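Novice: Predicted model, plus sequence, below.
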Amino acid sequence: AQSVTQLDSHVSVSEGTPVLLRCNYSSSYSPSLFWYVQHPNKGLQLLLKYTSAATLVKGINGFEAEFKKSETSFHLTKPSAHMSDAAEYFCVVSDLDNQGGKLIFGQGTELSVKP
Amino acid sequence: EAEVAQSPRYKITEKSQAVAFWCDPISGHATLYWYRQILGQGPELLVQFQDESVVDDSQLPKDRFSAERLKGVDSTLKIQPAELGDSAMYLCASSPSGLSYNEQFFGPGTRLTVL
């Protein structure tokens, strides 16, 4: 079975400082991993995805994540936070036991950005 | 840019009443998903369609929930009777196919409050 654990329920940074949102995964297979972002009153939006190509994945809005098999981690980073980055972030793994691409979400990390 | 449409955006109902949510996926997307997101948690899959067929409804409370996608395009999720614990955000997503590495595109959701 596949699962993800987001290590922080809330992260607070100052504008212009780096962002680190931590995620560990568990999978019996080579996983497909995603980060989605959810802004208030808006739908979930894909930030980036890992599908066994390059281990360093670049996404939208300056975010990137590195797949580390030895550490079973897929942490999300951004060099410099912007006020508009304040949102809920979900680390997600695709359930490979499911024939239809079912997504398994972590509990979410709320990112606050202080001016 | 094509988007997943959902209606209504907000629904308030009383316990034991019936409610229905509608989703129109991105044109041409064969796979449609309904997720439930309880406040403070990540979304969880309720039901998944491939065209008009149900692929996975293992987490759907079938005594009160039903879902259909009659022509393999739009879909309706129904709850009858609603219970207090059903208060949540109901998200619809679609994907070109049910492959594990495919991005799922999410609608804005329907926020249900049961009084």
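Specialist: All right, it came through fine. Since the structure is predicted, the reported quantities are computational estimates derived from the model, not experimental observations.
Novice: only C-alpha atoms for contact and neighbour calcs from this point on.
Specialist: Fine.
Novice: Touching, A:Leu48 and A:Val57? I think so.
Specialist: Yes. Counting by CA atoms under 8 Å, A:Leu48 does reach A:Val57; the two are 6.9 Å apart.
Novice: Low-confidence stretches in chain A?
Specialist: When residues are selected by pLDDT under 70, those of chain A lie in A:96-100.
Novice: Mind checking which residue lies nearest the centre of it?
Specialist: For chain A, the residue nearest the mean C-alpha position is A:Trp35 (3.2 Å; CA atoms, centre = their mean).
Novice: Spit out the contact partners of that residue.
Specialist: A:46-49, A:76, A:89-92 (CA atoms under 8 Å, 6 or more residues apart in numbering or on different chains).
Novice: all strands for chain A, in order.
Specialist: All strands of chain A, identified by DSSP state E, fall at A:3-6, A:10-14, A:19-21, A:23-26, A:33-38, A:44-50, A:56-58, A:64-68, A:73-78, A:87-94, A:103-105, A:109-114.
Novice: what about A:Asp95, distance to chain B?
Specialist: For A:Asp95, the distance to chain B (CA to the nearest CA, to the nearest Å) stands at 7 Å.
Novice: Run a quick check on that residue versus A:Val4, I expect a contact.
Specialist: No. Shown here, A:Asp95 and A:Val4 do not form a contact pair, counting by CA under 8 Å, at 10.7 Å.
Novice: Now do the shared contacts for these two.
Specialist: With CA under 8 Å, 6+ apart, A:Asp95 and A:Val4 have common neighbours A:Ile104.
Novice: Which residues does stretch B:67-85 contact?
Specialist: Residues contacting stretch B:67-85 (CA under 8 Å, 6+ apart): B:13-25, B:27, B:30, B:34, B:47, B:49-53, B:64-66, B:113-115.
Novice: Keep only those of those that are in strands.
Specialist: Those of these lying in strands (DSSP E): B:13, B:19-24, B:34, B:47, B:49-50, B:53, B:65-66, B:113-114.
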